[in-house]
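**Q** let me see the structure of the following:
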Amino acid sequence: MSDEQRDDALVSIRGLKKHFPTKVAWPVQRDLSLSSRAWRSVSRMRTQVRAVDGVSLEIYPGETVGLVGESGCGKSTLGRTLLRLLEPTDGTIEFGGVDITSMAQRDLRPIRRQMQMIFQDPYASLNPRMTVGATVVEPLEIHGLVKSGEEKRARMAALMEKVGLRPDAATRYPHEFSGGQRQRVGIARALAVQPRFIVCDEPISALDVSIQAQIVNLLQDLQSAENLTYLFISHDLKIVQHICDRVAVMYLGRVVELARAADLYRTPMHPYTGALLSAVPLPRPKATRRRVILEGDVPSPIDPPPGCPFHPRCPVKDKPKACMTELPTLRKLSGGSHAACHVAQ
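**A** This is a model prediction of the structure:
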């Protein structure tokens, strides 16, 4: 990917936020310096779970962007929000140059054909009362893309073969398949309406290690054959390195680093990225790497710390005062990577 700003992004989000209200009680003692109206406003703001808190990102046609971070950092919420499966709290979402942030569901429906999702759990994402064949062709029926039973059966058989399943398996139910086969059914369902963009929400995390490589290879083959664009959400940093062109690292609802995969794994710019990569096993038996142990727990997304959200756990010594007082923005560094860090060079 070029380091220069491009104007052909398939997906573009700007300042995207998704906050969830919560009933967590905030301190009972009121700040007497605030008026009643201002205090109510502050209280409401403080009792919001800031799952996604101001993310800007472009995804270009034909590429795979990885999204990594600890559990609870907002990865899956971001993926669902940019597909409008969750309504954004703030910010903008553009798909193919069209602003879909506030688009009515009726107008959004044709665009939904171009955006699909592969879910994490192949056991929970399939209806146990429907045959896998009915599951695969259901999107075609919803969007009116098949006119006859013969056409439906032909499309169903083609989709099953495309993901490596026998067409005669279409009459069976999900419980008759293994986890890897069920995920293949989920991929076939996502491909049914010939999308341009697919959010892969940890598609291999629930599978055996022996099956994971098969699903990753299938996704890569389909990307090449169908000219697909992926947002690949995962905890597995080795898989992300293998499949992704660029990688975005999330922490507490924000993207803290964005770089080409080769650059990020060779020279991480954000201390949090360095800590994550230090836990990845090296392929050489005798190779060693200094392990970075982060102290403390991830702060609450209800009440993130002031300044840089990572500063309470940051391993960098002699941090500048700005780390505690100023929220860093994602800025471009000399090597072409982007990092939201006051000390990154």
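**Q** any regions of the stretch 1-150 of the chain where pLDDT drops low?
**A** Counting by pLDDT under 70, the stretch 1-150 of the chain has low-confidence residues at 1-5, 23-46.
**Q** quick one: the strands in it?
**A** With DSSP state E, counting those that start in this stretch, the ranges of strands along the stretch 1-150 of the chain come out as 11-21, 48-59, 64-68, 90-95, 98-99, 115-118.
**Q** wait, which of the ones you listed is closest to residue 258?
**A** Smallest distance to residue 258 across those (CB to CB): 7.2 Å, for strand 48-59. In this view, the C-beta of every residue, glycine as well, is placed from N, C-alpha and C.
**Q** residues touching residue 112, list them.
**A** With contact taken as CB atoms under 8 Å, 6 or more residues apart in numbering, residue 112 is in contact with residue 84.
**Q** do residue 72 as well
**A** Residue 72 makes contact with 298, 301, according to CB under 8 Å, 6+ apart.
**Q** so for residue 146, which of the strands of the stretch 1-150 of the chain sits nearest?
**A** That would be strand 115-118 among these, by CB to CB, at 17.1 Å.
**Q** quick one: closest of the strands of the stretch 1-150 of the chain to residue 291.
**A** Among the strands of the stretch 1-150 of the chain, strand 64-68 sits nearest to residue 291 (CB to CB), with 17.8 Å.
**Q** and that closest one, C-alpha only, in PDB?
**A** The C-alpha trace of strand 64-68 is given here as PDB (Å, rounded to 0.1, in the frame of the first residue of the first chain):
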ATOM      1  CA  THR A  64      -7.000  -6.900   4.100                       C
ATOM      2  CA  VAL A  65      -6.800  -4.700   7.200                       C
ATOM      3  CA  GLY A  66      -6.200  -6.400  10.500                       C
ATOM      4  CA  LEU A  67      -7.700  -5.200  13.700                       C
ATOM      5  CA  VAL A  68      -6.000  -6.400  16.900                       C
END
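**Q** contacting residues around that strand?
**A** Here strand 64-68 makes contact (CB under 8 Å, 6+ apart) with 57, 59, 75, 78-79, 223, 229-235, 237, 240, 243-250, 261, 276.
**Q** in helices only, show me those residues.
**A** Among the contacts of strand 64-68, the ones falling in helices (DSSP state H) are 75, 78-79, 223, 237, 240, 243, 261, 276.
**Q** of those, which is the most crowded?
**A** Neighbour count (other CB atoms under 10 Å) singles out residue 78 as the most crowded of the ones in helices among the contacts of strand 64-68, with 27 neighbours.
**Q** so that residue makes contact with residue 54?
**A** No: assessed by CB atoms under 8 Å, residue 78 is found out of contact with residue 54, at 11.0 Å.
**Q** overlap of the contact sets of the two?
**A** Jointly contacting residue 78 and residue 54 under the rule CB under 8 Å, 6+ apart are residue 16.
**Q** what about the residue lying closest to residue 250 once chain neighbours are set aside, how many neighbours?
**A** Closest residue to residue 250 apart from its sequence neighbours, by CB to CB, 6 or more residues apart in numbering: residue 69 at 3.7 Å. Residue 69 is flanked by 25 other residues according to other CB under 10 Å.
**Q** one more: residue 254?
**A** With other CB under 10 Å as criterion, residue 254 counts 25.
**Q** distance of it from residue 198?
**A** Residue 254 is 24 Å from residue 198, where distance means CB to CB, to the nearest Å.
**Q** now stretch 309-323: buried residues?
**A** For stretch 309-323, burial by neighbour count (16 or more other CB atoms under 10 Å) applies to 309-314, 319, 323.
**Q** what's the most distant pair in those?
**A** 309 and 319 (13.4 Å).
**Q** so residue 298, which of the three states?
**A** Taken by DSSP: H, G, I helix; E, B strand; the rest coil, the conformation at residue 298 corresponds to coil.
**Q** so what's the residue count around residue 52?
**A** When neighbours are counted by other CB under 10 Å, residue 52 comes out with 31.
**Q** quick one, what contacts it?
**A** Neighbouring residues of residue 52 by CB under 8 Å, 6+ apart: 16-19, 74, 77-78, 81, 253.
**Q** nearest to residue 187, of these?
**A** Of all those, residue 78 has the smallest distance to residue 187: 21.0 Å, by CB to CB.
**Q** ok, back up a step: dump the ones in helices among the contacts of strand 64-68 into TSV; add distance to residue 178 as well.
**A** Output for those, formatted as TSV (distance: CB to CB, whole Å):
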residue	distance to residue 178
75	26
78	30
79	25
223	23
237	26
240	24
243	22
261	30
276	31
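**Q** and which of these is nearest residue 339?
**A** Looking across the ones in helices among the contacts of strand 64-68 and measuring by CB to CB, the closest to residue 339 is residue 276, at 13.5 Å.
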